[in-house]
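*Asks:* pasting the sequence and the predicted model now:
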Protein chains: 2
Amino acid sequence: MFSKACEYGIRASLHIAVQSEAGRRTSLKEIAFATNSPEAFTAKVLQQLVKNKIIESVKGPTGGFEIDRSRMESIKLSQIVSAIDGDDIYKGCGLGLSSCNEVCPCPVHERFKIIRGQLRDMLETTSLRELAQGLKEGMTFLKR
Amino acid sequence: MFSKACEYGIRASLHIAVQSEAGRRTSLKEIAFATNSPEAFTAKVLQQLVKNKIIESVKGPTGGFEIDRSRMESIKLSQIVSAIDGDDIYKGCGLGLSSCNEVCPCPVHERFKIIRGQLRDMLETTSLRELAQGLKEGMTFLKR
DNA sequence: TAAATAAAGGACAAAAAGGTCTTACATAGA
DNA sequence: TCTATGTAAGACCTTTTTGTCCTTTATTTA
């Protein structure tokens, strides 16, 4: 469904969100450990998220990554996904045709439209804040 | 969503289905042309489908690929997808965790379960026959 | 039975994704 | 102002996916 980079990106964002909610800035090393992700590769992904202004970074001692508490509700999964994987998942044809649309649909066009619409809706309405909430309460996990 | 190999596989199967419905056996060359796919690569994919008994092949002059008319209704998209891409798309965790389940769910587990269930249902209920029907009627397309 | 045709199979090449390493840059704190 | 700490950036490596090519095998037909 998503690329590895995107999976790491979402997991990392969630760990940063939980920590930021508690007023803590978290380092790459902590993130990689907490999400069981390769450190150097995660660093690349985090760079992309910083450039897309989804998370913030601070260099030097006491530095690390954080997310503004006031923005957590407004950051949706869809933003992370498009920042890393682009929006092929929303737009692309299920059978890979370059121009598949209502006028000239592929055989699965209508059926895929429904599924993709639901996926899109889910990603666009799910915020970092609500997902971080479940993690904080120990209901959900980022490892294993 | 699907790999390129899987996209080619579905497109090829549909072209074979339409031709078989009309009582015609079709060759690799025709399939590649009709679906706008790389010929040699498509050949590999077709081999997999033959091994999985989704399509049949005949060597030599007048040879080619075909699908038994009586089986078209019972061949579902899900069979082609699992033959080529495996069933990660049904089973895998949305965030890539190796053991994500009801007991130990990732933060998006519940939300993904719904989407994946709908995708699965769509793939398991959509038959080659009904998709071939739309193609035959000129309502849908395999190219562009 | 020889020639022509078409799929099967294996080796190989190119591109993309995934992942590592080293150096540069910024900054807090002694 | 020096040092330690931590992110940024770029070069590089590995694996997987995508794609090609060439030889072998099976089968039809002249």
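*Replies:* Done, it's in. As the structure is a computational prediction, the values presented were derived from the model and not from experiment.
*Asks:* show me what contacts A:Thr125?
*Replies:* A:Thr125 makes contacts with A:Lys76, as judged by CB atoms under 8 Å, 6 or more residues apart in numbering or on different chains. In this view, the C-beta of every residue, glycine as well, is placed from N, C-alpha and C.
*Asks:* gap between it and DNA strand D?
*Replies:* Applying CB to the nearest atom of the strand, to the nearest Å, the value for A:Thr125 to DNA strand D is 29 Å.
*Asks:* show me the strands in chain A, by range?
*Replies:* Secondary structure of chain A by DSSP state E: the strands cover A:56-58, A:64-66.
*Asks:* put together JSON lines for the ones you listed, with mean pLDDT on each row.
*Replies:* As requested, the strands of chain A are exported to JSON lines (pLDDT from 0 to 100):
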{"stretch": "strand A:56-58", "mean pLDDT": "98"}
{"stretch": "strand A:64-66", "mean pLDDT": "98"}
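*Asks:* winner for burial among those?
*Replies:* strand A:64-66 (a mean of 20; mean count of other CB atoms under 10 Å in any protein chain shown).
*Asks:* which helices and strands does that one pack with?
*Replies:* With contacts taken as 3 or more CB pairs under 8 Å, 6 or more residues apart in numbering or on different chains; DSSP states H and E, strand A:64-66 sits against helix A:4-21, helix A:28-35, strand A:56-58.
*Asks:* from the chain's centre, how far out does that strand sit?
*Replies:* 16 Å (CA atoms, centre = their mean, to the nearest Å).
*Asks:* again, but for stretch A:55-64
*Replies:* Computed by CA atoms, centre = their mean, the chain-centroid distance of stretch A:55-64 equals 20 Å.
*Asks:* check stretch A:34-46 too.
*Replies:* Between the centre of stretch A:34-46 and the centre of its chain there are 13 Å (CA atoms, centre = their mean).
*Asks:* kindly provide the distance from A:Cys93 to A:Met122.
*Replies:* Going from A:Cys93 to A:Met122 by CB to CB, to the nearest Å gives 20 Å.
*Asks:* I should have written A:Ile75 there, sorry.
*Replies:* In terms of CB to CB, A:Ile75 sits 15 Å off from A:Met122.
*Asks:* hang on, the earlier thing: would you reformat the strands of chain A as TSV and include distance to B:Ile80?
*Replies:* Putting those into TSV (distance: least, CB to CB, whole Å) gives the following:
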stretch	distance to B:Ile80
strand A:56-58	44
strand A:64-66	42
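*Asks:* tell me which of those strands sits nearest to B:Gly23.
*Replies:* strand A:64-66 (63.3 Å; CB to CB).
*Asks:* is that closest one anywhere near DNA strand D?
*Replies:* Yes: using CB under 7 Å from any atom of the strand, strand A:64-66 reaches DNA strand D at A:64-65.
*Asks:* what lies in contact with that strand?
*Replies:* Contacts for strand A:64-66 (CB under 8 Å, 6+ apart): A:12, A:16, A:19-20, A:25-28, A:30-31, A:46, A:50, A:55-58.
*Asks:* close to DNA strand C, is that strand?
*Replies:* No: Strand A:64-66 lies out of reach of DNA strand C by CB under 7 Å from any atom of the strand, never closer than 10.8 Å.
*Asks:* go ahead and confirm A:Arg25 touches A:Gly63.
*Replies:* Yes: using CB atoms under 8 Å, A:Arg25 is in contact with A:Gly63, at 7.2 Å.
*Asks:* who's more crowded, these two?
*Replies:* Higher neighbour count among A:Arg25 and A:Gly63: A:Arg25, with 17 against 12, using other CB atoms under 10 Å in any protein chain shown.
*Asks:* check contacts around the more buried one.
*Replies:* A:19, A:58, A:62-66.
*Asks:* please report how far it lies from A:Ser74.
*Replies:* 20 Å.
*Asks:* and if you look at A:Ala43?
*Replies:* In this view, A:Ala43 and A:Ser74 are 25 Å apart by CB to CB.
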